[in-house]
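Participant: Here's my sequence, what's the structure:
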Amino acid sequence: MLTAGEHDDLLNPELYASYVRRSGLGQQVKALPVLDTARLLTVAVEDASGRPAPFVPVELRCSDGNSLTLTTQADGTVAFFPGLDRLSTSVRIRAGGSDWRVVDVPRTAGKARVGFTIEGAAAKVTRLDLALVVDVTGSMSDELQFLQAELDSIVASLNQRHPELDIRIGMTFYRDQGDEFVTRTFPFTGDGATARGNLGRQFAGGGGDYEEAMQDALVRAAGLEWRRDAVKTLVLVADAPPHAEDVPRAWLAAEHLRAQRVQVVPVGASGVGDLAEYVMRAMAAATQSRYAFLTDDSGIGDPHAPPAIDCYLVTRLDKLLTRIIDSQISGRRIEPEKADVIRSVGRYDAGKCILPPDFGRENG
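Facilitator: Next up, the predicted model:
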């Protein structure tokens, strides 16, 4: 019965920029990306009937000859970040073997959107690869028990919404150096009983200091055998960041996941600190995903650190995760039913926070 909220930093670029400035973590920890979600180049691909086309490779070439290829998500889009991706002022883009098109890249805050139409019908989404990456140190017992209790209902809800969906589940559990184990990985399986058994045999223990071996777990997850034509979702459940010296490896793993079209859904658990929230929000935004965080509304477990987020809706965590994963399968944002909302914070409108008129002056 854990409760949670979620936030999409791609829908709220002004708030994310303000958060990055206030935290100062991008300057303090040089390995962290300073992700600019306000300066975005989105490529949208559809078929002749106007349906979003998933799994289409989009190739981008800069003026210096460097190239980057990413693949469209279920909504037919792929997002490039001019700063993070080191784009030149103009680039050449093609999608699915189309002709090259020259596009000007936003130099300041602004979003450019380029559309392509492919021949033939858009591919249908019929597969989901779901990876659970879970911190199982001593402070994570509530979160682990939640997954053990609710995984079946989340999968059942997804199957109900998408009866023809072929779902596989893989798992990586992690602790830290000096514990009984650092990582423990189970490959993708379509057998629900096997997945349930792998999860049910885990218990929380070890740890002792704050930081954990998140980077090793992400590397293991990136190395799973993800299917090329599946929606790929990685749910990262954690309450601590990597050790400072391991942040570069954690971010490199996130970049590999992005290159594989894996959408990272972090769940900030009880006690999550500033650095952990920063790392996880950057991973979510870079992979066109959302950041989730536990709240105290359930009254279960240790107090949860309030997020640096201006508006959100609180629902049960199982419904929230189902909704986010369903959105990634459907290619459209799915909002909670009114009856499912336990509490609202700020001025929320379909994932966007309505800003006060003086926001720019106060947060510039």
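Participant: For the closest residue to residue 53 other than its chain neighbours, which three-state class applies?
Facilitator: Nearest residue to residue 53, sequence neighbours excluded (Cβ to Cβ, 6 or more residues apart in numbering): residue 122, at 3.9 Å. All C-beta spots, glycine's among them, are computed from the backbone N, C-alpha and C. For residue 122, the secondary-structure state derived from DSSP: H, G, I helix; E, B strand; the rest coil is coil.
Participant: Likewise for residue 277?
Facilitator: When the structure is reduced to helix, strand and coil (three-state DSSP), residue 277 reads as helix.
Participant: cool, residue 35 as well?
Facilitator: Going by three-state DSSP, the secondary structure assigned to residue 35 is coil.
Participant: what sits up against stretch 45-53?
Facilitator: Stretch 45-53 is contacted from outside by 44, 56, 58, 72, 74-77, 95-96, 115-123, 331, using Cβ atoms under 8 Å, 6 or more residues apart in numbering.
Participant: Now intersect the residues you listed with the strands, please.
Facilitator: Using DSSP state E, the subset of the contacts of stretch 45-53 located in strands is 44, 58, 77, 95, 115, 116, 117.
Participant: Start and end of stretch 71-90, how far apart?
Facilitator: 20 Å (Cα to Cα, to the nearest Å).
Participant: Tell me the buried residues in that stretch?
Facilitator: Of the residues in stretch 71-90, those scored as buried under the neighbour-count criterion (16 or more other Cβ atoms under 10 Å) are 71-82, 84-85, 87.
Participant: now, which of those residues sits nearest residue 16?
Facilitator: Using Cβ to Cβ, residue 81 comes nearest to residue 16 of the buried residues of stretch 71-90, at 11.7 Å.
Participant: mind listing what's buried in the lengthiest helix in the chain?
Facilitator: With secondary structure taken from DSSP state H, the chain has its longest helix at helix 141-161. If you call a residue buried by 16+ other Cβ under 10 Å, then helix 141-161 has these buried ones: 142, 143, 144, 146, 147, 150, 151, 154, 155, 157, 158.
Participant: Serialize those to a markdown table and add fields for distance to residue 357 and pLDDT.
Facilitator: Listed next are the buried residues of helix 141-161 as a markdown table, based on distance: Cβ to Cβ, whole Å; pLDDT from 0 to 100:
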| residue | distance to residue 357 | pLDDT |
| --- | --- | --- |
| 142 | 41 | 90 |
| 143 | 39 | 91 |
| 144 | 45 | 92 |
| 146 | 40 | 93 |
| 147 | 43 | 94 |
| 150 | 42 | 93 |
| 151 | 45 | 94 |
| 154 | 40 | 96 |
| 155 | 45 | 96 |
| 157 | 40 | 96 |
| 158 | 41 | 97 |
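Participant: which one of the residues you listed sits closest to residue 174?
Facilitator: Within the buried residues of helix 141-161, distances to residue 174 taken as Cβ to Cβ reach their minimum at residue 144, with 11.9 Å.
Participant: How about that closest one, nearest residue that isn't a chain neighbour?
Facilitator: Setting aside the residues directly before and after it, residue 144 is nearest to residue 204 in space (Cβ to Cβ, 6+ apart), at 5.3 Å.
Participant: my read: the one you found touches residue 139, true?
Facilitator: Yes - the criterion here is Cβ atoms under 8 Å, and residue 204 meets it with residue 139 at 7.4 Å.
Participant: neighbours around residue 204, how many?
Facilitator: Burial of residue 204 is recorded as 19 neighbouring residues (other Cβ atoms under 10 Å).
Participant: Assign a three-state SS to it, would you?
Facilitator: Local secondary structure at residue 204 is given as coil here, using three-state DSSP.
Participant: For it, give its distance to residue 251.
Facilitator: Note on residue 204: its distance to residue 251, by Cβ to Cβ, to the nearest Å, is 26 Å.
Participant: Residue 338 too?
Facilitator: Applying Cβ to Cβ, the value for residue 338 to residue 251 is 38 Å.
Participant: neighbour count winner among those two?
Facilitator: When residue 338 is set against residue 251 and neighbours are counted by other Cβ under 10 Å, the residue ahead is residue 251, at 20 against 7.
Participant: Help me confirm that the more buried one is found in a strand?
Facilitator: No - when the secondary structure is assigned by three-state DSSP, residue 251 falls in helix instead of a strand.
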